[in-house]
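Colleague: Just to be clear, the model below is a prediction. Sequence and coordinates:
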Amino acid sequence: VQLVESGGGLVQPGGSLRLSCAASGFTFSSSAMSWARQAPGKGLEWVSGFYSDGSTYYADSMKGRFTISRDNAKNTVYLQMNSLKPEDTAVYYCAIGPPYGSSWYDFASWGQGTQVTVSS
């Protein structure tokens, strides 16, 4: 199993980023997937996820700003992040697992993460 995130970087408040997660080594199309993040000095925070039926879910603070999507042909998960705030600064992880996971143990596997920094 391999999950490789990309697309992070430095962005000004109000800006946008699109994260990607390239997946391999498992049946991507039938797997629930999630994005989670960890800010400096804080615990894991679930961000967004979907079940294999395509139903999508978001943490309350991300609703209306973030959009999760998947491309089964490319085995890739995306997270479009708009209207970014300084408090969105964190390492973002792609993970195999259903929405609303609250700890690392709720996910079967995760990538190395990609840093997102929102600052002027």
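Modeller: Thanks, I have it.
Colleague: Near residue 60, how many other residues are there?
Modeller: When neighbours are counted by other CB atoms under 10 Å, residue 60 registers 6. C-beta here means a position set from N, CA and C on the backbone, and glycine is covered the same way.
Colleague: Tell me how far it lies from residue 94.
Modeller: Going from residue 60 to residue 94 by CB to CB, to the nearest Å gives 21 Å.
Colleague: Sheet partners, orientation included, of the helix or strand of the chain with the lowest mean pLDDT?
Modeller: Ranked by mean pLDDT, DSSP states H and E, the helix or strand of the chain with the weakest confidence is strand 109-110, at a mean of 94. Sheet pairing for strand 109-110, assigned by DSSP bridges, gives strand 90-96 (antiparallel).
Colleague: measure the residue lying closest to residue 108 once chain neighbours are set aside to residue 11 for me?
Modeller: Nearest residue to residue 108, sequence neighbours excluded (CB to CB, 6 or more residues apart in numbering): residue 96, at 4.4 Å. Noted for residue 96: a distance of 27 Å to residue 11, by CB to CB.
Colleague: Spell out which helix or strand contains the most centrally placed residue in the chain, please.
Modeller: Nearest to the mean C-alpha position of the chain, by CA atoms, centre = their mean, lies residue 35 at 2.5 Å. Element membership of residue 35, judged by DSSP states H and E, is strand 33-38.
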